[in-house]
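Novice: with the sequence up front, the predicted model follows.
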Amino acid sequence: MNDIKENIESCKSLFNRCYSPYSKFNVVTVLVCKNKKYYGVNVENCSYSLTICAETNCLSNAVSDGLNFDDALYMIVTTNTADEITPCGSCRQFMAEFLPKNFNVHTMGNNAIVNTYQVKDLIPYTFIK
Ligand SMILES: [Zn+2]
């Protein structure tokens, strides 16, 4: 259940759930937890600014389910691009709200290269209320 390669493959099998008729850019994210996984896909809208990113969708699913984020182990972000794409600034801030600074985020495109970042690397100067 916690194997990174297995979870990458499960993400890739969900590219067909992305709603990306405008960009054809598919993103699938999984938050792997001790006993459960939460997925998110990008959901575009013809009014582009209303698009929901996969990472935000994934974390929102976990919040909606009442996840205790202490049980979260790592996150994977997969895209249908050749190279990895790192999360956008908005998603980085969203991650910082729920995930610890040293939390691992693995990214991967179609080239099979897995890169790993920690939340503190993705957003070193988090907005704090
Ligand atoms: Zn985003």
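Specialist: Cool, the structure landed. Numbering: from 1, shown residues only.
Novice: do a quick rundown of the strands in this structure.
Specialist: Taking DSSP state E, the strands of the chain run over residues 27-33, 37-41, 72-79, 104-108, 115-118.
Novice: highest mean neighbour count out of those?
Specialist: Comparing the strands of the chain by mean neighbour count (mean count of other C-beta atoms under 10 Å), strand 27-33 comes out on top with a mean of 25. Using the backbone N, CA and C atoms, a C-beta is placed for each residue, glycine as well.
Novice: so what does that strand touch, helix or strand wise?
Specialist: For strand 27-33, the elements it packs on are helix 4-12, strand 37-41, helix 54-64, strand 72-79, judged by 3 or more C-beta pairs under 8 Å, 6 or more residues apart in numbering; DSSP states H and E.
Novice: looking at the strands of the chain, which is closest to the ion?
Specialist: Nearest of the strands of the chain to the ion, taken as C-beta to the ion: strand 27-33 at 8.0 Å.
Novice: what are the pairing partners of the closest one, and which direction each?
Specialist: Within its sheet, and counting by DSSP bridges, strand 27-33 is paired with strand 37-41 (antiparallel), strand 72-79 (antiparallel).
Novice: as TSV, those strands with distance to the ion would be great.
Specialist: Putting the strands paired with strand 27-33 into TSV (distance: least, C-beta to the ion, whole Å) gives the following:
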stretch	distance to the ion
strand 37-41	10
strand 72-79	9
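Novice: can you put those strands in CSV and add mean pLDDT?
Specialist: Formatted as CSV, these follow (pLDDT from 0 to 100):
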stretch, mean pLDDT
strand 37-41, 98
strand 72-79, 98
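Novice: can you tell which of those is closest to Asn7?
Specialist: Closest approach to Asn7 among the strands paired with strand 27-33 (C-beta to C-beta): strand 72-79, 5.5 Å.
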